[in-house]
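K.L.:
coords below, sequence missing:
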């Protein structure tokens with residue numbers, strides 16, 4: 001009730017359409033861009049044809065099985081949602097991280113039968129990029145997501161031991177080589193035999209999550225699930 005009263009006294013504007021209201025996201029935009037309805041591959045979260053209602057992996061994942069076991073995404077990385085990600089990463093709008101976490105938690109709850117991980121691991125940034133940005137957007141999302149889902153967050157479960165170029169700046173064929181041996185797991189005991197959840201803001205080609213999941217599996221992880229706020233549609237990878 002106190003939260004509702006505060007919203008009435010101090011209304012804010014919807015981050016997508018600008019409509020005044022008590023929340024950062026108005027009901028209309030929430031329903032249009034974040035409601036359930038998009039059928040997704042349970043492995044990589046790419047959209048499936050409307051007729052494919054059964055939770056089976058897409059043809060690409062069946063032909064070339066990824067190191068991760070499942071992916072949950074809250075929305076497509078497309079207009080106008082992509083603007084929110086850019087505002088978080090480059091305009092330091094850190095309040096958006098809590099919004100992303102709430103929307104992602106709702107997507108996780110909708111996924112139903114997907115088992116919950118033992119730990120959440122934010123995708124790490126390299127020291128140089130972390131110093132430039134001042135924060136890791138994946139960690140900022142992971143903390144409130146962990147609280148919503150009741151899962152502990154391990155910020156240093158994985159570390160980036162080699163600085164890499166931004167994946168978005170690389171040609172598609174060079175992305176895998178760019179990430180080779182980029183991650184390390186300092187404490188194998190925290191990973192071995194456990195289900196690990198990887199948290200990131202955007203999943204584009206999936207190479208970063210693939211490399212990190214493969215590293216976790218080499219260190220004994222039993223299962224890896226990706227939790228990403230937005231998934232880039234295949235035609236824009």
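P.N.:
Structure received. Here the structure is a predicted model, which is why all the values come from computation and not from measurement.
K.L.:
And residue 225, how far from residue 66?
P.N.:
With the distance defined as Cβ to Cβ, to the nearest Å, residue 225 ends up 11 Å from residue 66. Backbone N, C-alpha and C define where each C-beta goes, glycine included.
K.L.:
Neighbour count: those two, which is higher?
P.N.:
More crowded of residue 225 and residue 66, by other Cβ atoms under 10 Å: residue 225, with 23 against 19.
K.L.:
Residue 75 belongs to a strand?
P.N.:
Yes. Assigned with DSSP: H, G, I helix; E, B strand; the rest coil, residue 75 falls within a strand.
K.L.:
contacting residues around it?
P.N.:
33, 34, 81, 103, 229, 230, 231 (Cβ atoms under 8 Å, 6 or more residues apart in numbering).
K.L.:
Need those in TSV (columns: pLDDT and secondary structure).
P.N.:
Output for the contacts of residue 75, formatted as TSV (pLDDT from 0 to 100; DSSP: H, G, I helix; E, B strand; the rest coil):
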residue	pLDDT	secondary structure
33	92	helix
34	91	helix
81	95	helix
103	96	helix
229	98	strand
230	97	strand
231	96	strand
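K.L.:
Endpoint to endpoint, stretch 25-40 covers what distance?
P.N.:
With Cα to Cα, to the nearest Å as the measure, stretch 25-40 spans 23 Å from end to end.
K.L.:
What lies in contact with it?
P.N.:
Contacts of stretch 25-40 with the rest of the structure, by Cβ under 8 Å, 6+ apart, involve 14-17, 19, 21, 46-50, 52-53, 71, 73-76, 80-81, 99, 103, 106-107, 110, 231.
K.L.:
For residue 105, which non-adjacent residue is closest in space?
P.N.:
In space, and not counting its chain neighbours, residue 105 is closest to residue 148: 3.9 Å by Cβ to Cβ, 6 or more residues apart in numbering.
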